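*Asks:* Below: sequence and its predicted model.
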Amino acid sequence: MAGRSELTGGTVRRSFQLFGRGLRAEPWLFGFGIAGSALYGAATVASGWMVGRLTDEVATPALQGAAEITARHVWMAGGVLALIALLTAIGVVGRRAVTGAAVFHLQSRKRREVTHQYVKLPISWHRRHPAGQLLSNASADVEAATHVFNPLPFALGVVVMLGVAGWAMLAADYVLGITGMIILPGILVANAIYRKHMSPLVTRAQQLRAEVADVAHESFDGALVVKSLGLEEREARRFANSTMRLRDANIGVGRTRAVFDPVMDALPTMATLLVLAVGTLRVASGAAATGDVVMAAYLLTLMAFPVRSIGFVLGELPRALVGWGRISRVIDARDRLPAGNRDIGAQGPAHVVVDDLHYAHHDAATGAETPVLTGVNLDITPGKTIALVGATGSGKSTLANLLVRLDAPTSGDVLIDGTSISQWSAAARAEQIALVSQETFLFDDTLRGNITLADPGDGPDDAAVWAAVETARATDFVSALPDGLDTNVGERGASLSGGQRQRIAIARALVRSPRLLILDDATSAVDPEVEQAILAGLRNQRGGATVIVIAYRMATIAAADEVIHLDEGQIVSQGTHQQLLAKDPKYRTLLTAYERDSQERVG
């Protein structure tokens, strides 16, 4: 079933759908642009018609010495041509200025639509789509989809011009009119052949643009790995290979256009030569006047460049259809997570209930489902600190994502204070639930900006920020920085250590005073002593939050009120640390492995 943005049907149908949607998006601007083009076309035809009439009624009699042709007639003729030229200039200015603004507005609209969709799509969707391709969708694909609208108003004005010119030539001499308008079927035939060869070439070129962006993004994002492991030459070769494939694809596109563009340029010239040849015979036989031939030839000469605008539209059309198709797949993505409309106003720590939760990864290519969580049931007492323990791949992070609705379960539900998380409004979730993930991300901003994530003056005050910093045990290093909270940390927090970044991320969550706080291995880069201090601070503030910690350190797990052991997507045991040591052999083995790993890291 087609999405609301997708173009359907054959090439012609999809082309008209594309034009209609773009024009409806900016009706006033494109309307003025088309009006300017129509004025230009009408004025151009009028100038040709006037040249023909003046040839027969002024120029030819004057050259033959007719007494009735005076200087006044010549000046009047020149004035009429000057007025037509002024109208032509107004049409050109209006068409170019307004159409340019319309195209930029359309591009901005589509980019916002794509990026807003990115924000709404769940984490599972983003994992299936590389960041480089998403960047390409919002940049290169949007430009490809909208660039065709630059020449479109001009081309529509040329259609008006061709109609008026055809009528004028037919009215003057039907043979000359038919001869001149033979250009139209030539344009249609040339475009049909062009589309057949161009569409697959453009499709591949757009895909390769996305791949180049993806490779570049990976290389820049993994700069530390590339530099530390001496992989510069390998990454350079990988990027070069991608760009060479894109180069070859673009050359193929260029070769096809190199054949098409001269054909489109030649058609009006060939029509002009044909009109002159036929017109000579018609004048010699007395069937047509000299002015009629001059008018037809002059009109076709004037239309040589405007007719090329139709070629520009037809030339950009395959690329536009491909670009529109690529951004439509984003806009029409169906695995969005709609927010509810319940603004929960509860106070105190959250009561979390997980009811028969199932989750499976879906492989879009094969349609296969890989179970991750199976029948998970939990009832977490408000205000408790819960340690979630399990081997790698047991589903801990997936469960954390489901608790904050970064993803939706295959079946089952998560209820907080008796209300399904799917019914909570986005604002309520952001205000009352906080997740600090194992992948710490800091923006290229000040520490204050990274903690508050708000514009100056809009976020929490400095007292709340410093209180969160203190609980996250970041006060010492923040105070030691030259500008304190106003210190810019660089891209991804490059000026801070891993442990410092994690503490800032924890402070970012705490400053919102969440009722449910989830730490997904969020202290792995922090010294054990600092980690214990952070957890102690959370326990002291525990009256205001329920805390779920995905932990690997023995001390962290032992300090929790309750431990949940997750294995292969199922809860295998639940109780205090001592109870699980006594009754769960897998838990003991897992804790022994954790402890050995910690000792090896310290050693």
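*Replies:* Nice, I can see it.
*Asks:* For this protein, name the helix or strand with the lowest mean pLDDT.
*Replies:* In the chain, no helix or strand scores lower on mean pLDDT, DSSP states H and E than helix 60-63, which sits at a mean of 65.
*Asks:* Quick check: next helix or strand after that helix?
*Replies:* helix 71-120 (DSSP states H and E).
*Asks:* buried sites along the following helix or strand past that next one?
*Replies:* Once helix 71-120 ends, the next helix or strand along the chain (criterion: DSSP H and E) is helix 123-127. Buried residues in helix 123-127, defined by neighbour count with 16 or more other C-beta atoms under 10 Å: 124-125. Backbone N, C-alpha and C define where each C-beta goes, glycine included.
*Asks:* I'd like to know which elements the very next helix or strand once past helix 123-127 is packed against.
*Replies:* Sequence-wise, the next helix or strand downstream of helix 123-127 (DSSP H and E) is helix 131-136. With contacts taken as 3 or more C-beta pairs under 8 Å, 6 or more residues apart in numbering; DSSP states H and E, helix 131-136 sits against helix 183-221.
*Asks:* buried stuff in the helix it packs on?
*Replies:* Buried-residue list, helix 183-221, by 16+ other C-beta under 10 Å: 183-184, 186-187, 190-191, 194-195, 198-199, 201-219.
*Asks:* what are the ranges of the helices in the stretch 451-600 of the chain?
*Replies:* 462-471, 475-480, 498-510, 528-540, 554-559, 577-583, 585-602 (DSSP state H, counting those that start in this stretch).
*Asks:* possible to save those helices as JSON lines with distance to R448?
*Replies:* Shown next, in JSON lines, are the helices of the stretch 451-600 of the chain (distance: least, C-beta to C-beta, whole Å):
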{"stretch": "helix 462-471", "distance to R448": "6"}
{"stretch": "helix 475-480", "distance to R448": "10"}
{"stretch": "helix 498-510", "distance to R448": "10"}
{"stretch": "helix 528-540", "distance to R448": "20"}
{"stretch": "helix 554-559", "distance to R448": "29"}
{"stretch": "helix 577-583", "distance to R448": "38"}
{"stretch": "helix 585-602", "distance to R448": "33"}
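*Asks:* Out of the ones you listed, which gets nearest to L83?
*Replies:* Between L83 and these, the shortest gap by C-beta to C-beta is with helix 498-510, which sits at 67.6 Å.
*Asks:* number of nearby residues for the residue nearest to A320 when sequence neighbours are not counted?
*Replies:* Nearest non-adjacent residue to A320, counting by C-beta to C-beta, 6 or more residues apart in numbering: V148, 3.9 Å away. With neighbours defined by other C-beta atoms under 10 Å, the count for V148 comes to 26.
*Asks:* Same question for A258.
*Replies:* Neighbours of A258 (other C-beta under 10 Å): 10.
*Asks:* what's around A97, how many residues?
*Replies:* 14.
*Asks:* Give me the buried stretch members for stretch 377-386, please.
*Replies:* 378, 380, 382-386.
*Asks:* For S394, give me phi and psi.
*Replies:* phi -80, psi -10 (degrees, to the nearest 10).
*Asks:* Next, give phi and psi for the nearest residue to Q347 once chain neighbours are set aside.
*Replies:* With C-beta to C-beta, 6+ apart as the measure, R515 is the residue that lies nearest to Q347, at 7.8 Å, once sequence neighbours are left out. Dihedral pair for R515: phi -90, psi -20, per degrees, to the nearest 10.
*Asks:* Run through the residues that contact R492.
*Replies:* Residues counted as contacts of R492 (C-beta atoms under 8 Å, 6 or more residues apart in numbering) are 441-442, 444.
*Asks:* same deal with V389?
*Replies:* So V389 contacts 396, 550-552, 557, 563-566, 587, 590-591 (C-beta under 8 Å, 6+ apart).
*Asks:* Can you tell me which of the residues you listed has the largest number of neighbours?
*Replies:* A551 (27 neighbours).
*Asks:* in stretch 428-445, what's buried?
*Replies:* 428-429, 431-438, 440, 442, 445.
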